[in-house]
Each structure stands twice: as structure tokens, then as C-alpha cells.
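[1] Based on what follows, work out the 3D shape:
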Amino acid sequence: MRKSLVLAAAVVSGLSLQANAATYAYISSPGDGLISQYRLDQSNGALSLVNQVNAGDQVNPMAITPDGKVLFAALRVKPFQVLGYRIDPKSGQLTPLSKAPLAQSMAYLSTDRAGHYLLGASYGADAVTVQAIDKAYQPSDNILSYATGPHAHSVRTDPSNRFAYTGNLGADRVLQYRLDDKTGALTPIGSGYVSVPANTGPRHLTFSKDGKYLYVVGEMSGTVTAFSINDSTGALTQIAVANGIPERLKLAHGEVRDARNNDLKDDPTPRIWAADLRISPDGKLLFMTERTSSSVSAFAVDTTTGGLRFLQNYPVEEQQPRNIAFSPNGRWLLVTGEKSAKVGTYAVGSDGALKRVGEAASGKGALWIEVLQTSVE
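    Below you'll find the predicted structure:
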């Protein structure tokens, strides 16, 4: 009887903690220099704007430290720099904390899994960088820089924090490195890369829940490529490819873009322009954004083999959707549109189906999303 009462009390306590925890989304909008804080109700998907901070012109990629205490945001105008904001553990509000230089304009920002290093990928400067983060969450002025092929577009460490991978869009390669956890140095694994077919355009990437597989979206192909990760060496081996662009979208193959022709204004042909890639918390679903058609494609993930299966493509109301993010419970998907005045919440079905259930006003050109579940209020 006593054991039953203790168990019941523990269950009630757990439910109470979950009910009192708050979920926040932070969205950067380069057009007005804002980082907007939203509260997400994980019971019904309702989204509400809480607060906004003026970070600076062209605030773009962001990263939250693994302990959930600090958000880093990169500015893509000179002087290139990263801003650190302390996250209030109860209200989720941001307070300026630190500032440090960046080597270049960064298209992507992340931390390693221990929160000891800040990593960046520069699309324009063809480089990835690493800088140490001290105990006060101050990124170092000493920056390690590694040349890549044209247009590095992402860099992330794997769940074991031993390896790092980069989507190298212009070179049609996925770069592979070993991370030195003492110095932050990156050492090429084998030849330093694996190749994908020409004009795939490897962009963003994500890992399976168990860390055995890596998934990479092709900006120009609209495909997702799956790789197995050698547990000892970190070397990648391609195991599957799934196409996320159905014929009905009538999209031609994409082209490499840069600051001079980002919207391909002189090309009237609707072309594939995939962007973000996110995996569900349970590791069973994968979502990819496609900007030209303003849609999101869903894939089923075989958690045993790492294989992929295209499920369906869903239109979204957010025009030119750039980034997406799952809620911690996996029931909701947040979608930003670079040309949309709203950010939307979509219910996620077990089959990957999306249904729009909520929205909130967004900043100008909203794109990068980071989601955090805070402690009990």
C-alpha cells in the first residue's frame, strides 16, 4: 500500500512539473534586427508573442547552449559579431550578457554538445570556425578557421561530441571532422569529405536520436541523403536518398545562389530551393522546407536501419519558409516565412500530416528558430 502511494505521488509530481514547465521559441528577424520570444502551449499549440529584443541589423543564426542558460545570435553585418543573452530560467526573457567577434558573416551557428565551443559556417567566406566559450559564456577572441569548398552552410557535432560535420553546398560535399574536446581543433576524417551527386547542394543537417545516422538536405535537389556514422572513426557512408519534391509542384532543379542572385530575379523558372531539415524528438519523422512552393515535406525514418521514406508534401501559409522547429513533445511544428508577417504552429500527425492550429505576429524576414523548455515557474 505504501509503495502504491509513493508511486502515485511521484506520478502526480511529475505531471505537475510538466504542467508548470514553460516552452519558449526564439525567432530572429534580420529585416528589423529583432529576436522575438514566444510562448508555446504544448497542450494545444497556441503561440503567443512575449517579448522582443533589438539585437542588431541582420541578426540571423542562433544557438542555445546545452544547459539552456544562454542564447547566442550572430550579426551578418560588419563588424561581424556574436551576441550572448542570458535566458531567465522562469520567464525565458533575454538579457544581454556577452559579445565577441566572428571571423566572417555566419550562415549557421551551433555549439558543441558540451557547450565548450561555438561553431560557425560562413557561406560567403567558404569556411567553418571554432571558438572556445568560457565559464562566463564569453566566446573567445581567438578563432580557429578552416577553409572549405564554396559555400559552407552548416556545422554541427554529433551526439557523442567526437565528430563534426558540415554541409558544403557549392562543392557538393559533406565534410567530416574529428573534434578535439581539449582545444576545439577540427581534424579531417579520411579524405575529409564524402561526395553527393552534382548540384545536390548539401545545406542543413541533423542526426538520428541514437547518433548512428546523419541526414543532409540538398538545397538544389530537394532530396534528403542519409549516411551511417562509423562509431570508431566518424567516417560517413551513404545509405539512402529520398526525394521530397513531388511532380505536382512542377519545380525545375535548383541553382547555386549568392548575394548577387539570391532570388534568381532574371530566371522566371520556378526552381527547387530547399532550406531547413529537422527530426522529431522521437526520431521517427523528418521534415524539410521548400521555399519556392512554400511547403514542407515529411519523411518517415526507419529508426533501426536509418532508411528514409517520403510521406507527403504539405503547403504552409508562411511564404518562403526558411526554418522549422519541433516542440519538445513532438506534437507541434513551428514554421517561419521570410516573406510572411506571421509565424505558424502546425499539429503533427503520427503519419507526418500537418494542420495549422495557431499563429503569432513575426518580425520582418523571420527565419531562425530555437526552442527551449524551461524549468518550473
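[2] Would you map the strands across the stretch 151-300 of the chain?
    If DSSP state E, counting those that start in this stretch is used as the criterion, the strands of the stretch 151-300 of the chain fall at 152-157, 163-168, 173-179, 186-195, 202-207, 213-218, 223-229, 236-243, 274-279, 285-290, 295-301.
[3] Of the ones you listed, which is nearest residue 142?
    With CB to CB as the criterion, residue 142 lies closest to strand 186-195 of the strands of the stretch 151-300 of the chain, at 14.7 Å. Using the backbone N, CA and C atoms, a C-beta is placed for each residue, glycine as well.
[4] Near residue 330, how many residues? Count them for me, please.
    Here the number of neighbours of residue 330 (other CB atoms under 10 Å) works out to 16.
[5] Ignore what I typed, I meant residue 142.
    Residue 142 is flanked by 9 other residues according to other CB under 10 Å.
[6] where's it relative to residue 63, distance?
    Per CB to CB, to the nearest Å, residue 142 is found 19 Å from residue 63.
[7] now swap in residue 284 and tell me
    Spatial separation of residue 284 from residue 63 under the definition CB to CB is 25 Å.
[8] neighbour count winner among the two?
    Neighbour count, other CB under 10 Å: between residue 284 and residue 63, residue 63 has more, with 22 against 16.
[9] so the more buried one touches residue 109, yeah?
    Yes. Applying CB atoms under 8 Å as the test, residue 63 and residue 109 come out as touching, 4.6 Å apart.
[10] Please enumerate the shared neighbours of these two.
    Listed as contacting both residue 63 and residue 109 by CB atoms under 8 Å, 6 or more residues apart in numbering are 72, 118.
[11] What ranges does the protein have for its helices?
    Along the chain, the segments classed as helices by DSSP state H run 2-20.
[12] related to what we said a few turns ago, could you dump the strands of the stretch 151-300 of the chain to JSON lines with mean pLDDT and distance to residue 348?
    Output for those, formatted as JSON lines (pLDDT from 0 to 100; distance: least, CB to CB, whole Å):
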{"stretch": "strand 152-157", "mean pLDDT": "98", "distance to residue 348": "23"}
{"stretch": "strand 163-168", "mean pLDDT": "98", "distance to residue 348": "24"}
{"stretch": "strand 173-179", "mean pLDDT": "98", "distance to residue 348": "27"}
{"stretch": "strand 186-195", "mean pLDDT": "98", "distance to residue 348": "31"}
{"stretch": "strand 202-207", "mean pLDDT": "98", "distance to residue 348": "16"}
{"stretch": "strand 213-218", "mean pLDDT": "98", "distance to residue 348": "17"}
{"stretch": "strand 223-229", "mean pLDDT": "98", "distance to residue 348": "17"}
{"stretch": "strand 236-243", "mean pLDDT": "98", "distance to residue 348": "18"}
{"stretch": "strand 274-279", "mean pLDDT": "98", "distance to residue 348": "11"}
{"stretch": "strand 285-290", "mean pLDDT": "98", "distance to residue 348": "7"}
{"stretch": "strand 295-301", "mean pLDDT": "98", "distance to residue 348": "9"}
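[13] Take those strands and write them to CSV, including distance to residue 336 and mean neighbour count.
    Converted to CSV, the strands of the stretch 151-300 of the chain look like this (distance: least, CB to CB, whole Å; neighbours: other CB atoms under 10 Å):
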stretch, distance to residue 336, mean neighbour count
strand 152-157, 17, 27
strand 163-168, 20, 27
strand 173-179, 25, 23
strand 186-195, 30, 16
strand 202-207, 14, 23
strand 213-218, 16, 27
strand 223-229, 20, 23
strand 236-243, 24, 17
strand 274-279, 9, 23
strand 285-290, 9, 27
strand 295-301, 11, 23
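[14] What's the separation between the nearest residue to residue 132 once chain neighbours are set aside and residue 67?
    Closest residue to residue 132 in three dimensions, ignoring its sequence neighbours and counting by CB to CB, 6 or more residues apart in numbering: residue 140, at 4.3 Å. Counting by CB to CB, the gap between residue 140 and residue 67 amounts to 18 Å.
[15] So which of these two has more stuff around it?
    When residue 140 is set against residue 67 and neighbours are counted by other CB under 10 Å, the residue ahead is residue 140, at 16 against 11.
[16] so where is the stretch 1-150 of the chain shaky, pLDDT-wise?
    Per-residue confidence for the stretch 1-150 of the chain (pLDDT under 70) gives these ranges: 1-20.
[17] What ranges does it have for its strands?
    Secondary structure of the stretch 1-150 of the chain, counting by DSSP E, counting those that start in this stretch: strands at 21-29, 34-40, 47-54, 59-64, 70-75, 81-87, 94-101, 108-111, 117-122, 127-132, 144-147.
[18] Pairing partners for the first one, with directions?
    Going back to what we said before, that points to strand 21-29. For strand 21-29, the paired strands and their directions (DSSP bridges) are strand 34-40 (antiparallel), strand 369-376 (antiparallel).
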